[in-house]
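Visitor: curious how this folds, go ahead:
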Amino acid sequence: MMIIRETQKLKFYLLSLLDTKYHDNIASNIQSILPQHKAQINNLKEDGLSIVGYCRKSDLDKQDNIVNLLQRMVDNHYQRSLVDKVFVSPCSNASSPFSERDLSDQCEVFSHLKSVHGDTQDMLKYISNDDNICIVSFDFAGLSTNISDLKEFVRNHENLRKRPAIE
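Guide: Residues are numbered from 1 along each chain as shown. The predicted structure follows:
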């Protein structure tokens, strides 16, 4: 028997379990998602689009293994989304405007990353000079949580023929 003093706070967590009758359907869906995603990306490539991956992480000071996390994201872009290039923003918040990301050259992370083509500013230059771009990000927050900035970003880059594809 456990005795809890009145001054202690009791912590508990809610655990939700998926009913077993849904397991097969969920497993089947998970198994088919990646091949469908790759087929969609290949169709975009056949239509002449350049597939660009974008990875973003927040504050560098809060994460000890930032290089490993970013490298895994980069590798996943190449393996899962068959991207042609990957750009990385190693220290920007999801709410910060694209035009304000990676303005200073003080990040040492890039020297440790493989197969990266630059930061956000490099991506902005690339998509401004190349036609038919499709940007792939791991989730909505991977691009931006600032809806008005995201809309402006897409509006200002008409060569983004397809809306950003989100894994």
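Visitor: what's the lengthiest helix in the chain packed up against?
Guide: When the chain is scanned for its longest helix (criterion: DSSP state H), the result is helix 23-46. Using 3 or more CB pairs under 8 Å, 6 or more residues apart in numbering; DSSP states H and E as the contact criterion, the neighbours of helix 23-46 among helices and strands are strand 50-56, helix 66-81, strand 165-166. Using the backbone N, CA and C atoms, a C-beta is placed for each residue, glycine as well.
Visitor: how far does that helix sit from the chain's center?
Guide: A distance of 18 Å separates the centroid of the chain from that of helix 23-46, by CA atoms, centre = their mean, to the nearest Å.
Visitor: list the buried residues in it.
Guide: When burial is assessed from 16 or more other CB atoms under 10 Å, helix 23-46 yields the following buried residues: H37, I41, L44.
Visitor: ok, those residues vs Y78, which is closest?
Guide: Nearest to Y78, judged by CB to CB, of the buried residues of helix 23-46 is I41 at 11.3 Å.
Visitor: how near is the closest one to L14?
Guide: With distances defined as CB to CB, to the nearest Å, the gap from I41 to L14 amounts to 37 Å.
Visitor: can you give me the buried ones in stretch 104-122?
Guide: V109, L113, V116, H117, G118, D119, T120, Q121.
Visitor: before we move on, the earlier item: report the angle between the longest helix of the chain and strand 50-56.
Guide: For the pair helix 23-46 and strand 50-56, the angle between their directions (axes from the mean of the first three to the mean of the last three CA atoms, to 10 degrees) equals 120 degrees.
Visitor: could you give the angle of helix 23-46 to helix 66-81?
Guide: Here helix 23-46 runs at an angle of 80 degrees relative to helix 66-81 (the same axes, to 10 degrees).
Visitor: circling back to that earlier point, mind checking which of the helices and strands packed on helix 23-46 is nearest N159?
Guide: strand 50-56 (9.4 Å).
Visitor: elements contacting the closest one?
Guide: Applying 3+ CB pairs under 8 Å, 6+ apart, we find strand 50-56 packed against helix 23-46, helix 66-81, strand 85-89, helix 120-129, strand 133-137, helix 140-143.
Visitor: now the weakest link among the ones you listed, please, by mean pLDDT.
Guide: Of all those, helix 140-143 carries the lowest average pLDDT, namely a mean of 68.
Visitor: re earlier: which among the buried residues of helix 23-46 gets closest to V86?
Guide: Taking CB to CB as the measure, V86 sits nearest to I41 out of the buried residues of helix 23-46, at 13.7 Å.
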